[in-house]
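A.B. asks: sequence and predicted structure are below.
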Amino acid sequence: MIKAILIFNNHGKPRLIRFYQYFAEDMQQQIIRETFHLVSKRDDNVCNFLEGGSLIGGSDYKLIYRHYATLYFVFCVDSSESELGILDLIQVFVETLDKCFENVCELDLIFHMDKVHYILQEVVMGGMVLETNMNEITTQVDVQNRMEKSEGGLSAAPARAVSAVKNMNLPEIPRNINIGDINIKVPSLSPF
Amino acid sequence: MPAVSKGDGMRGLAVFISDIRNCKSKEAEIKRINKELANIRSKFKGDKALDGYSKKKYVCKLLFIFLLGHDIDFGHMEAVNLLSSNKYTEKQIGYLFISVLVNSNSELIRLINNAIKNDLSSRNPTFMCLALHCIANVGSREMAEAFASEIPRILVAGDTMDSVKQSAALCLLRLYKTSPDLVLMGEWTSRVVHLLNDQHMGVVTAAISLITCLSQKNPDEFKTCVSLAVSRLSRIVSSASTDLQDYTYYFVPAPWLSCKLLRLLQCYPPPEDGAVKGRLVECLETILNKAQEPPKSKKVQHSNAKNAILFEAISLIIHYDSEPNLLVRACNQLGQFLQHRETNLRYLALESMCTLASSEFSHEAVKTHIETVINALKTERDVSVRQRAADLLYAMCDRSNAKQIVAEMLSYLETADYSIREEMVLKVAILAEKYAVDYSWYVDTILNLIRIAGDYVSEEVWYRVIQIVINRDDVQGYAAKTVFEALQAPACHENMVKVGGYILGEFGNLIAGDPRSSPLVQFNLLHSKFHLCSVPTRALLLSAYIKFINLFPETKATIQEVLRCDSQIRNSDVELQQRAVEYLKLSSIASTDVLATVLEEMPPFPERESSILAKLKKKKGPGAVSVTELEDSKREGGELNGGGDRGQDTATMAASNASTPSPSADLLGIRSTAPLGAAPASAGSLLVDVFSEAGPTAPSAAVNDDGFLRFVCKNNGVLFENQLLQIGIKSEYRQNLGRMYLFYGNKTSVQFASFTTTVSCPGELQSQLNVQTKPVEPLVEGGAQIQQVLNIECLTDFSDAPLLNIKFRYGGALQNLTLKLPVTINKFFQPTEMTSHDFFQRWKQLSQPQQEAQKIFKANNSMDTEVLKAKLLGLGTALLDNVDPNPENYVCAGVIQTKSQQVGCLLRLEPNAQAQVQHTDSPERVSHNYSSIPNFLHYLSPYSVNI
């Protein structure tokens, strides 16, 4: 079972947190800090698995992570999951994000936290894997988008506002970095 | 292209997020957030009804603020309102908020359940999925009660859409995990198994997780899944890479599903049906063959997916442990991976080989890789991988290679990472003992261990070396000589001084013939370390000195001189002072005969499992937390004299020397006595509490604790009631935290004045439990009820209960009342599910006397199964079905969560119906020496029957 999914950036700022087992709010934040501490000090070409920190359950759990450009994607899983399988799952999730956001970048995760949650929900549910086929996942997301469009009367104005805001935060032209198969834009972000 | 419609976002939200991002400092950010929270709060509280869009926007903002690490204590109601919106986007965000921020104990569950019920019956697949997601993510018992019968119906109904089926399968899984008793097996079970044949691979993917979990719990009912899984696997494995289209991932057909199928098969023994087995072996061979084929893609995703299946196949082969041919192939494959350039593969190969090493067919094959593994230990850059290498070395060790492996591990220890040193030390100590052919090698190894990693050598390790030296005559002289030499080092670790003091005190005479290690030289050597040592070590050394007086009468004057000096006989530490005084007196008044009897050589220790092994197992056990330091420190101070009461020093020493130590005595005989010495006070009072109605009066007679006892196994109810006042309790606990609501109801029609309540933690409890509350309103109107919230944090184990003192004026008369608050250690239980195998394995590991408590008692009432079950669940543990071979028995497991540590706890209740006796034969074992747990569990005993 997947106990938690954490996405944070190179500075440890959480971008998405999803716990499938209850932890009090402050404990969640502590776990993020602990996990960031464990993961961030590792070189990029060491292995992608390590024992869980003491807060999340110690050696009974593994942290399986991938580092894409500015973001860490960390899954905390128990021994019933295949390590390489989870690694692939992270890739599927990221590729799906990339597809849905058309070259996903950290800003997309910040400004569309809700959407990222919805996409994740199509992949993982209650700590178990729901679907691994990217086309199925994107089809579901598409259905949601269409429903949203059909409801949204107010959509046009905010759309411009959002893109304006987003561009405002991009003092430089984003450079594309090719990691594996995905292109993730890495805008220089003002950390907050 | 299903690109997210970025444009449909909410302007206010985007502006808020940008504001936060533009904050220059943490303070500015907090200020901005507080401003926003105030704004949202006023909007929610305002008179103007908010439209769905605004609600959605604000809820979204709250989610964002939560992500930044701020507590969100409002907005829940608004989120619940969004659930009943008929706009999809509003409903969706409502559900999201709830599954992120609502925990399973929330009071809102009932409202949420209503919304879910509507959505489930809406027949709109998207709405149904949202509702199912919510159940799966929150997974509370109340939800299980409401929907456990409904979900299976949705799952197997013919007209359910695939996407809904997928969600329903995982939803049911979650409910089964949280409340297995509510998910009743039935007609649906056989149909669930057939989902393995479903056309839609997504449905199979989701269903297989459910089936695996159900099979683990009820293997017989689901065993038809084996043949179905094999045929499904066979179809996937033999398919061309294009057959499965979308489920082909980087040229590998359905890797995730294949892994899950192989996992499912690991729940069962090899198939008995020859045809099925043949087909499975064929699959496994195909998977092994594919590993040798050239890759279809250079991408790492391709090799990951392929190898994920390969590793699961190897696990299955190891699990079956019956096909020598496959086992050897698996081993060779892993051997290749050991040198692979991908770190991940090296890591996994080391891990899998560990399990392979324990198979008799492949143990020898694994051993051939020893050089590679040693090399990995030395050269891997990644500590995770090095740790796996150390594990594998430990697993592949046997008599033939022990010396090499131990030497390598010792040399690795000099540079090992701090995080794994303690475990490495334990492993070296165990291997050295297990495979010691000559004990001089063993002694050398342990002393080296202390020299290299003294700080990580736990008490168990040096206890054990002494235990072995004492039990084996042939090594005593060598040991004395070696420690003598080791102590020559200008700086040696305190553990070395302990071992040295003990061994020279016992066997110093064996090397005294050599003038270089004459008695006086030995003594001076030991005494030169004395001032650098801690109190327990000094106490041990003093005992060694008195033994010297017996062994070597010529040292008597010198030693008496030392004992007599002010720094000993007037030492501020009472233990040291007492030893000095008593030993001095003993040496001056006792005759040589008496002295020789009292200070005779320690008798051999009874043979038994190494306490080090127990410790290593414990480290790997549930909630492995190193608490041994704590318990060890309690035990120190009694090393040499059998841990008896210092007041009767000579008598105890004589006794412990003259007779063999009691069977339960550990090395140095102190383990059994120290906990006993520490426990009686608290144990006594706890038992008194439990029986206070029947017999002896409770320690503080003024405290009213009638109500207290009823709350051991439940969290809500009426704590106290008299003519004036009623006090109700509602409480909930999570991990080591609890929240308790107290409701004070004024039963009269007259106002209570100066109503004050104080919660106090008497004595020790202050440092064990943290209880916080705010004062209540001083006036309670007639007929009114006021509420008080207590926040409780369990810091460490405790045995007393906090006291609640209530004072008020009723018609001029001051009323004063003190109650025990029902906060007991079991409230911090976290239920733990485990299989029968795991349970008994852990049970057996907990074999030390202080890890176990047992009680036999008579049932006062008839023993009703359901009532007993409810009581045991109320205790907070998980009640495990199909674990105990005797169906009459009850078996529970849980982890007690405190801030400082987690303690696994297993419990077994054996009712004897004929005799109306609850024979709790070895009813609970605690994975650590945790004095109050066994005591506490005595609560249960009268409680499970005093119904």
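C.D. replies: Looks like it arrived, so ask away.

A.B. asks: shaky segments in the chain?
C.D. replies: Went with chain A since none was named. A:152-192 (pLDDT under 70).

A.B. asks: not what I meant, chain B
C.D. replies: If you take pLDDT under 70 as the line, chain B has these spans: B:1-9, B:104-105, B:241-245, B:607-611, B:617-707, B:847-850, B:855, B:857-863, B:912-947.

A.B. asks: per-domain residue ranges of it.
C.D. replies: B:433-598, B:705-823, B:826-940 (the TED database).

A.B. asks: dump those into JSON lines; add distance to B:L68 as well.
C.D. replies: All C-beta atoms are positioned from the backbone trio N, CA, C, and that covers glycine. Output for the domains of chain B, formatted as JSON lines (distance: least, CB to CB, whole Å):
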{"stretch": "domain B:433-598", "distance to B:L68": "40"}
{"stretch": "domain B:705-823", "distance to B:L68": "22"}
{"stretch": "domain B:826-940", "distance to B:L68": "25"}
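
A.B. asks: out of those, nearest to chain A?
C.D. replies: domain B:705-823 (6.1 Å; CB to the nearest CB).

A.B. asks: turn the domains of chain B into CSV, including mean neighbour count and distance to chain A.
C.D. replies: Listed next are these as CSV, based on neighbours: other CB atoms under 10 Å in any protein chain shown; distance: least, CB to the nearest CB, whole Å:
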stretch, mean neighbour count, distance to chain A
domain B:433-598, 19, 17
domain B:705-823, 17, 6
domain B:826-940, 19, 9
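
A.B. asks: show me the contact partners of stretch B:461-474.
C.D. replies: B:425-426, B:429, B:433, B:439, B:442-443, B:446-447, B:449-450, B:475-476, B:479, B:495, B:498-499, B:502-503, B:506-507, B:602, B:604-605, B:607, B:610-612, B:666-668 (CB atoms under 8 Å, 6 or more residues apart in numbering or on different chains).

A.B. asks: now intersect these with the strands, please.
C.D. replies: Assignment to strands by DSSP state E places none of these there.

A.B. asks: now the strands for chain A?
C.D. replies: So, for chain A - with DSSP E - the strands run A:2-9, A:14-19, A:49-51, A:62-68, A:71-77, A:124-125, A:128-129, A:175-179, A:182-186.

A.B. asks: I'd like the ones you listed as TSV, with mean neighbour count and distance to B:H527 appended.
C.D. replies: Below are the strands of chain A laid out as TSV (neighbours: other CB atoms under 10 Å in any protein chain shown; distance: least, CB to CB, whole Å):
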stretch	mean neighbour count	distance to B:H527
strand A:2-9	23	55
strand A:14-19	19	58
strand A:49-51	21	45
strand A:62-68	21	51
strand A:71-77	23	53
strand A:124-125	25	65
strand A:128-129	24	65
strand A:175-179	12	65
strand A:182-186	19	67
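
A.B. asks: any chance of those strands in JSON lines, with distance to A:F101 too?
C.D. replies: Listed next are these as JSON lines, based on distance: least, CB to CB, whole Å:
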{"stretch": "strand A:2-9", "distance to A:F101": "14"}
{"stretch": "strand A:14-19", "distance to A:F101": "13"}
{"stretch": "strand A:49-51", "distance to A:F101": "28"}
{"stretch": "strand A:62-68", "distance to A:F101": "13"}
{"stretch": "strand A:71-77", "distance to A:F101": "13"}
{"stretch": "strand A:124-125", "distance to A:F101": "18"}
{"stretch": "strand A:128-129", "distance to A:F101": "22"}
{"stretch": "strand A:175-179", "distance to A:F101": "14"}
{"stretch": "strand A:182-186", "distance to A:F101": "10"}
